[in-house]
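**Q** next input, structure requested:
(2 chains)
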Amino acid sequence: MQNFEYANPKTIQEATALLGASWSDANLLAGGTDLISLMKEELATPKRVVSLKGIKDLGGIHKSGGGLRIGATVTFDELLENAAVRAEYPSLVEAAHGVSSPQIRNMGTVGGDLCQRPRCWYFRGGEGLLGMKNGKSLIPGGENRYHAIFGNGPAYFVSASSLAPALIALGAKFKLVSASGNREVAADKFFVAPQNETTREIVLAPNEILTEILIPSAKGVKNATYEVRHKEALDWPLATASVALTMKGNSVANARIVLGHVGPVPYSASAAEKWLAGKTITESVADEAGKAAVADAKPLSQNEYKVQLARVAVKRALLEAGGKKA
Amino acid sequence: MPDYSWPPMEKRRIVGKRTSRLDGPDKASGKAKYPSDLNPPGLLHAVMLTSPHAHARVKTVDIAAAKKFPGVTAIRVISGPGTEVQWAGTEIAIVAATSEAIARDAVALIKVDYEVLPHVVREDDLGKVGNRAKAAGEQVTGDPDAAFKEADAISENLYSIPVITHCCLEPHGQVIAMKGDKVDYWPSTQAVSTVGGDLAKYLEIPASNVHVQMDYMGGGFGGKFPADRWGVESAQLSKESGGRPVKMFLDRETELTIAGVRPSAFANIKIGAKKDGTIIAWQSQSWASGGFGGGGMPPLPYVFNKIPNYRLNHTAVSINAGSARAWRAPNNPQASFLTCSAIDDLAAKLNMDPLDMFLKNVGLTIRPDTYRLQLNKAAEMIEWKKNWRPRGQNKDGYMRRGLGIGISTWGGAGHASKARTTIHPDGSVEVELGSQDIGSGTRTVISMVAAETLGLPISMIKVKIGDNLYPVSGPSGGSTTVGGVSSSTRKAAVNALQKLYDIVGPILNAPPDRLEAVDGKIRMIGNPDKGMSWQQACQKLGVNTITEMGENDTKRTEGLNTGGASGIQMADVSVDIETGVVKMNKLVAVHDCGLVINPKTAESQVLGACIMSVCSALMEERVMDQQTGRVLNADMEFYKLAGIADIGDIVVHMDITPDNDKRGVIGLGEPPAVPGVAAIANAVANAIGVRVPSVPLIPSRVLAALNGRRNA
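**A** Next comes the predicted model:
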């Protein structure tokens, strides 16, 4: 770990003033469950670490408009215990439960989950975000069992966020604040597939802070998350699906289906969403929707199984949202 | 000569009773200090630079900048120019500094120039390893070709089990101080009495100059016998830093890369039987790798080694990866998995219940009666007859349930061990051995044996182990410790007690050979009123103490310990056929280990071994990358191990019977780590209706097998 300056601001304004134009100037510290290991591996080498823990305005969950405003430093545990979240957003609760380490649920934050770096073992092993060697990616010809089945490169890692698919399906917006102003970004526009080693997988700039997450009301929106995981104990999901269904009587008026851990960004299954409109959720409809959701998958040499897992995740999430036990 | 034999079962007050481990509270509360917890005054920290290349020749090593770095006290080059590195992670240089952070920063300043050479880091495809393969001679017994012609059913398949690591919670390492030619050494080791000699050899000093101390250690599993390069180099760093103690423990990545592995095993197995299930022929072509040194043949066919006709071929494959070390029952879990999978597949070909198939063939094992009893007991515990269905027929929606069997054998006779028992005039008792408690409950067992022998409560016995100044006792390997230390302790305590009888006898007006020590009293056999308390008896020593030795002589154990342990495990699993995820319902384990001194810690040994088997069967593998030559999952994130929620219900039955008891003490560390992988793999085949030929049974492999493919 390289030496760094540690700053502990009390307000968002103070914090943004401490950030720089480059990721090597300053990094934000919330729960630290990712940043500390990145710094130990020298994958992050900031000159300054800006702690967000002392900033009260970044915490708390409260009603806002018809929906909910979740502070970026709310922990998984706080999210799981919140009555309003539990009442209206089961998909978010299920996604947070998927973070199966009590230690990470205690320390890890909602903002940190959305901003964490990919877990690709080539990236974490020091081969770069895209794992390029001599102008060629190591991943298609390498050990890619946990890698992307969507996207055409050059990024083959999978987005690591547990909450993103649910937040995208629910139509959340993220508020980003810098010294020069604020902006709101739709959750699905927050994640980008980098085209080269120097760009990041999220639109957050080095001088910005993700301050809050705004989720519209989900009254009458049936929502669920299903994740396929190998282990019950600390582990990353192999594939997840979050669905949000606006109903008209017994049939689906509008569907959002978002897959996680299958591509460099959460994957919106738009063909399946369109196909589902007007349908009633049954076992076979859910199965067909799952099939449609993975129709465009392009698995790598070792991860064809993830196509099946993503399909099953969609099916089971739909059945769960539809009140039919998967 | 005194009678050392164990007291009859019905007369034992302590031995054979469930006893909580004595150091449990200290371990749970953090009071127990492990070697990696030690921070003696003046401590320096050492960090190693390791090779990023799997195969390379070191051209130059430039330590000039690192040497000048403030806080650095010494640097040593381990692999100098000209050295051919054979695996990534090889030790290149080591730095001692006043803090770990400084040592790491200094390591980053060392410049190494390598000539990178071609590497091979994977052995799974024998066709791709070229001249790295070395075939052993063929072994043939009987006439396998003729026997296969006579067989009514033949099963043939390629099975494989990958390299795994030891994953010790406390990594390898030590705190060490060398002043002149004297060394104080606090290693995390399985060999308190011998590791100092190993170190001394490399330092070229007398073994007696090394003082080894270790009260606790965080797991070894066979990987912690030698002093290791980092131990030797840390001693030299200490010497070069004026004798200040140096602490050096491997970081997790290095621990998983170079601190030892269990070799892989691959085998094409053809097996044939008559209609009634009698196995008559076996043929296997196996290969294995444990790193650069290749990999030997697992003992095939395992346990059923009296199959009358067989042909064995084996190829060792040398790869550029960290080398093998003993791993809990070396080569046995692999052999059990390969053999039991083949037998289970053959039973399926015959439409036979595999339990009947195993029972039918116990005559091909060395202990038919024991295995028959254990198979029946395990079947009763898992309700085999009620729960077993033919392959793929136990369905509930997309879930499939199945049962499977695994088998084990092991030696486990006691190692050479010396113990010294001292009785003080105040009645206190010390037992000293240069042994170690590697987490198996050795300290507790020694106390129980001494207390039983002397007729005292456990609380009156002070056990001193973990120091090579105590009488020499063997390393903890091969499941030899409990047999060794219980026998030497028993003998030392009996010898000391004889001396006490010699003093007390005349006072009680009783012949010394008519005395017994029971319930804190020395009294006459058959006349309990004629006696005195233990304290009164010891007071008669005046200013003297009684100090007596006891020795376990491996050639003459006098019935105190022996070898030959058997075991059967059966697994009950559920498999989600849409996702390929396997869930453990239950694992039952039936094991015999002769006279069981402490049933509670014996069961703990089996529980721990079963958990390791769940990991190995369902999750655990070292992932090597041929492109970079490195281990991709040298961490606790993608090197997957089971958590509490993953292990299911584990039920242990120790075969405690008068017949087994008569055999004396048998070690138990290793045998229960053998059958679990086989049992789980067979249960999955039974559940889903097809064989998943390669463990771990990860979703990709399970789904591939369900889709009729070999590979994911």
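**Q** what helix or strand does B:Lys385 sit in?
**A** helix B:384-387 (DSSP states H and E).
**Q** from the stretch 401-550 of chain B, which residue is nearest to chain A?
**A** Distances between the stretch 401-550 of chain B and chain A by C-beta to the nearest C-beta are smallest at B:Arg401, namely 18.0 Å. Where you see a C-beta, it was placed from the backbone N, CA and C, and this is true even at glycine.
**Q** quick one: secondary structure of that residue?
**A** Secondary structure assignment for B:Arg401 (DSSP: H, G, I helix; E, B strand; the rest coil): strand.
**Q** before we move on, what about B:Thr628?
**A** Using three-state DSSP, the structure places B:Thr628 in coil.
**Q** report pLDDT for it.
**A** Per-residue pLDDT puts B:Thr628 at 97.
**Q** any idea how far A:Ser270 is from A:Lys298?
**A** For A:Lys298, the distance to A:Ser270 (C-beta to C-beta, to the nearest Å) stands at 16 Å.
**Q** show me the contacts for B:Gly563.
**A** Applying C-beta atoms under 8 Å, 6 or more residues apart in numbering or on different chains, we find B:Gly563 in contact with B:410-413, B:483, B:666-667.
**Q** no wait, B:Ser476
**A** Counting by C-beta under 8 Å, 6+ apart, the residues that B:Ser476 touches are B:190-191, B:220, B:435-436, B:438, B:440, B:442, B:669.
**Q** quick one, phi psi at B:Gly222?
**A** The phi and psi values for B:Gly222, taken as degrees, to the nearest 10, are phi 110, psi -10.
**Q** find the nearest non-adjacent residue to it, please.
**A** Closest residue in space to B:Gly222, ignoring its immediate chain neighbours: B:Ala326 at 3.3 Å, by C-beta to C-beta, 6 or more residues apart in numbering or on different chains.
**Q** so that neighbour, which state does it fall into?
**A** coil.
**Q** equivalent analysis for B:Gly483, please.
**A** Going by three-state DSSP: B:Gly483 is helix.
**Q** and the pLDDT at it?
**A** At B:Gly483, pLDDT is 98.
**Q** my guess is it contacts B:Gly564. True?
**A** No: counting by C-beta atoms under 8 Å, B:Gly483 stays clear of B:Gly564, with 11.3 Å between them.
**Q** contacts for stretch B:605-613 next, please.
**A** Residues contacting stretch B:605-613 (C-beta under 8 Å, 6+ apart): B:221, B:328, B:333, B:440-441, B:569, B:587, B:589, B:591, B:642, B:647, B:650, B:652, B:654, B:668-673, B:675-677, B:679-680.
**Q** how about residue 104, what does it touch?
**A** Here I'm looking at chain A. So A:Ile104 contacts A:31, A:33, A:76, A:234 (C-beta under 8 Å, 6+ apart).
**Q** the chain in question should be chain B.
**A** A:1, B:47.
**Q** what about 7 Å?
**A** Applying C-beta atoms under 7 Å, 6 or more residues apart in numbering or on different chains to B:Arg104 gives the contacts B:Val47.
**Q** what number of residues lie near residue 320?
**A** I went with chain A, as the question did not name one. Neighbourhood size, A:Glu320 [other C-beta atoms under 10 Å in any protein chain shown]: 23.
**Q** not quite, I wanted chain B
**A** Neighbours of B:Asn320 (other C-beta under 10 Å): 24.
**Q** can you name the residue of chain A nearest chain B?
**A** For chain A, C-beta to the nearest C-beta, closest residue to chain B: A:Ala233, 2.1 Å.
**Q** circling back to that earlier point, residues shared between the contacts of B:Gly483 and B:Gly564?
**A** By C-beta under 7 Å, 6+ apart, the residues touching both B:Gly483 and B:Gly564 are B:Ile666.
**Q** of the two, which one has the most company?
**A** Legend: neighbour count by other C-beta under 10 Å for B:Gly483 and B:Gly564, higher for B:Gly483 (33 against 17).
**Q** care to break chain B down by domain?
**A** B:9-32+B:414-552, B:35-118+B:172-249, B:330-412+B:562-706 (automatic domain parsing).
**Q** let me see the mean pLDDT of the shortest one.
**A** Averaged over domain B:35-118+B:172-249, pLDDT sits at 98.
**Q** which SS class is the spatially closest residue to B:Asp426 that is not a sequence neighbour?
**A** Leaving aside its sequence neighbours, B:Asp426 sits nearest to B:Cys538 (C-beta to C-beta, 6+ apart; 6.6 Å). Here B:Cys538 is recorded as helix under three-state DSSP.
**Q** residues in contact with B:Cys538?
**A** Applying C-beta under 7 Å, 6+ apart to B:Cys538 gives the contacts B:423-427.
**Q** report pLDDT for it.
**A** Confidence at B:Cys538, expressed as pLDDT, is 98.
**Q** starting at the chain centroid, how far to stretch A:121-134?
**A** Between the centre of stretch A:121-134 and the centre of its chain there are 21 Å (C-alpha atoms, centre = their mean, to the nearest Å).
**Q** buried ones in it?
**A** A:121-125, A:127-132 (16 or more other C-beta atoms under 10 Å in any protein chain shown).
**Q** restrict those to those near chain B?
**A** Among these, proximity to chain B is found for A:121, A:125, A:127 (C-beta under 7 Å from any C-beta of the partner chain).
**Q** would you list those residues in CSV and tack on secondary structure?
**A** Listed next are those as CSV, based on three-state DSSP:
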residue, secondary structure
A:Trp121, helix
A:Gly125, helix
A:Glu127, helix
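**Q** and the residue of the stretch 101-250 of chain B nearest chain A?
**A** For the stretch 101-250 of chain B, C-beta to the nearest C-beta, closest residue to chain A: B:Ala101, 7.1 Å.
**Q** residue contacts, the closest residue to that residue other than its chain neighbours?
**A** In space, B:Ala101 comes closest to A:Met1 once its chain neighbours are excluded; the distance is 7.1 Å by C-beta to C-beta, 6+ apart. Taking C-beta under 7 Å, 6+ apart, we find A:Met1 in contact with A:39-40, A:42.
**Q** most neighbours among these, which one is it?
**A** A:Met39 leads the contacts of A:Met1 on contacts (other C-beta under 10 Å) with 19 neighbours.
**Q** name the SS class of it, please.
**A** helix.
**Q** quick one, helices of the stretch 51-200 of chain A?
**A** Applying DSSP state H, counting those that start in this stretch to the stretch 51-200 of chain A gives helices spanning A:76-81, A:83-88, A:90-97, A:102-107, A:110-115, A:121-122, A:164-169, A:187-190.
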